[in-house]
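Chemist: Quick one: sequence plus predicted model below, questions after.
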Amino acid sequence: MITVNAMGDICPIPVVKTKKALGELNGPGEIEVLVDNETAVKNVTKMAKSSGASAESEQLGEKQYRVLITVGEAAAEQLKNAHNADAKTQAQPESAAGCRTCVGTVVAIGSDRMGEGSEELGHILMKSFIFALTQLDDLPDKILFYNGGAKITIEGSESLEDLKNLEEQGVEIMTCGTCLDYYGIKDKLAIGSVTNMYSIVETLQSAMNVIRP
Amino acid sequence: MKEEIRLTQFAKHGGCAAKIGPDTLSRVLGRLPKFSDPDLVVGFETSDDAAVYKITDDVAVIQTLDFFTPVVDDPYTFGQVAATNALSDVYAMGGEPKIALNIVCFPGDLDPDILGEILRGGADKVREAGAVLVGGHSIQDDVPKYGLSVAGLVHPDRVYKNFGCRKGDVLILTKQLGSGIINTAVKAQMASPESEVIRVMTTLNKKAKETAAEFTVHACTDVTGFGLLGHCAEMADASKAVIELGVEGIAFMHGAKEYAEMGLIPGGAYRNQEHVSHLLDTGDVEEVYVDLLSDPQTSGGLLFAVPEDEAERMLKAFEQADLGTEVSVVGRVLESGVDKPCIRLCNKAEM
């Protein structure tokens, strides 16, 4: 049995410690989590249940609680998969495909124009490329924007409506934070989230298809 | 390289989650002497958002104060969030902010440039609101805190109160919910600071209030530290109403439900649940929705109770005004003038 001492820890630290312990369990087993407040009891219980484990709590004394988490075979399998998927304890809300561990199609956009040649034409092509994405029957799971591509996800971008449309349909939109900083447009980001190189590499690596316009 | 300062590490509880629990507050405030004045339009008996005092038949002044501990790491953004939140109380009363004063607590050993950035963020929002910022007060303190005292103006006949909703009213909320949960997930380093939560927290309720001015508003409040449930409970209680909330129609931030299921819920949410438990009938909705609806919001949206026949047009007007946030119908008023006000949750509110 693993014992997690989260006495004196404030929200959300007990949950973070519990998640870590669940990841380290490596198979069925028990974890006891010691906490000193009821919020932590409730949150740790939720964390356990969302991982497929069962949890029981008891009050040991004044400001002293124990949550006993039991991880069965099925939960252990689920944890193993989840642990492999988010090595960096990055909790990803389920993607459109409903798959936590793999990513289907990722579109990687590294410029605000498409193809070589006329700059003006390049902008037009990129805009219609993103529009065309919205018309696909099988939408991509994620779209990454980096370098000049970061200019497409900011205020005033002509593709914003299309991207909103995609986001509403569950497509995750991520823009490279370093790039936003470089161009001084971080405060103008209008859609999706900011990402880093680690996640970009991970996303590209786990993708079954990568499309580069 | 300069050591990176994470502002949120100074604060045990960030933003409106730092609010003292509603149970504690009502116990303490109940012991204070009652003030009365014929020109006081709104006092604190109904737990409203600000004080409103009539100057002439056409002009009343709204006075409010709000400040809190850091809810995001970036100082400029924190300043924007705190100011947006403080200005919101004036909008929630139907008024226009006119004068703002800074209220600041800041550690003496922290880089003063950080404070400068916080104040710059606040000033930018005051300017966007069309008000003037004229000084303030600062003290040294181990935990940084920032906010504003704001004075605004309103016509005494057009003050929005948090009570007065009537049977048949539709409840419309102008921002998506989930900031407390998302900020907790960020603190747990399980989520990166998402642009959505920042955008929601820094969007002034100015446009929402201006758009609503064209419509009949029976009651209004801004949804902040007590969560949607807490603020609805205040509205139901003060209006003697039965309110039904349809969880499937309510807009939540991306990921909020998943994080709530993982137990990334601020303690304030549980305090809010306790406070409304005597009024609440959770029906057959999933438990996670109770957590989502009681999540303390930092700089949340305006909640309007409007007559059914105007609701559709109001929604359209919000859409045209392009608020930058998600507007949703959260529920409706089933009964008013009842002895036992309450809130019922259901999956889908009948419209």
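Modeler: Structure's in. What do you need? Numbers count the residues shown, from 1 in each chain, chains lettered A, B, ... in the order given.
Chemist: how about stretch B:100-108: buried residues?
Modeler: Neighbour-count burial for stretch B:100-108 flags B:100, B:101, B:102, B:103, B:104, B:105, B:106 (criterion: 16 or more other CB atoms under 10 Å in any protein chain shown). In this view, the C-beta of every residue, glycine as well, is placed from N, C-alpha and C.
Chemist: Okay, and which of the residues you listed map to strands?
Modeler: B:100, B:101, B:102, B:103, B:104, B:105, B:106 (DSSP state E).
Chemist: could the residues you listed go into TSV alongside distance to chain A and pLDDT?
Modeler: Conversion of these to TSV gives the following (distance: CB to the nearest CB, whole Å; pLDDT from 0 to 100):
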residue	distance to chain A	pLDDT
B:100	21	98
B:101	25	98
B:102	21	98
B:103	24	97
B:104	22	96
B:105	20	96
B:106	22	95
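Chemist: got the residues of the stretch 251-351 of chain B near chain A?
Modeler: Contact residues, the stretch 251-351 of chain B versus chain A (CB under 8 Å from any CB of the partner chain): B:254-255, B:258-267, B:270.
Chemist: ok, of those residues, which one's closest to residue B:310?
Modeler: Nearest to residue B:310 among these, counting by CB to CB, is residue B:254 at 30.0 Å.
Chemist: Can you report how many residues lie near the closest one?
Modeler: The local packing of residue B:254 (other CB atoms under 10 Å in any protein chain shown) involves 19 other residues.
Chemist: in the one helix or strand residue A:67 maps to, what's buried?
Modeler: Element membership of residue A:67 [criterion: DSSP states H and E] is strand A:64-71. For strand A:64-71, burial by neighbour count (16+ other CB under 10 Å) applies to A:65, A:66, A:67, A:69, A:71.
Chemist: And the pLDDT for the first one?
Modeler: In this case it means residue A:65. What the model reports as pLDDT for residue A:65 is 96.
Chemist: Quick check, it in contact with residue A:43.
Modeler: No. In this structure, residue A:65 is not within contact of residue A:43 by CB atoms under 8 Å, at 11.6 Å.
Chemist: before we move on, back to that, for the strand holding residue A:67, the distance to its chain's centre please.
Modeler: Relative to its chain's centre, strand A:64-71 lies at 27 Å (CA atoms, centre = their mean, to the nearest Å).
Chemist: List the strands paired with it, with their directions.
Modeler: With DSSP bridges as the test, strand A:64-71 is paired with strand A:29-35 (antiparallel), strand A:54-61 (antiparallel).
Chemist: now the helices for the stretch 51-200 of chain B?
Modeler: Applying DSSP state H, counting those that start in this stretch to the stretch 51-200 of chain B gives helices spanning B:75-92, B:112-129, B:179-187, B:195-201.
Chemist: do the next helix or strand after the shortest one and chain A meet?
Modeler: Read in the C-terminal direction, the helix or strand following helix B:195-201 is helix B:206-212, with elements assigned using DSSP H and E. No. Contact of helix B:206-212 with chain A (CB under 8 Å from any CB) is absent, the minimum separation being 15.5 Å.
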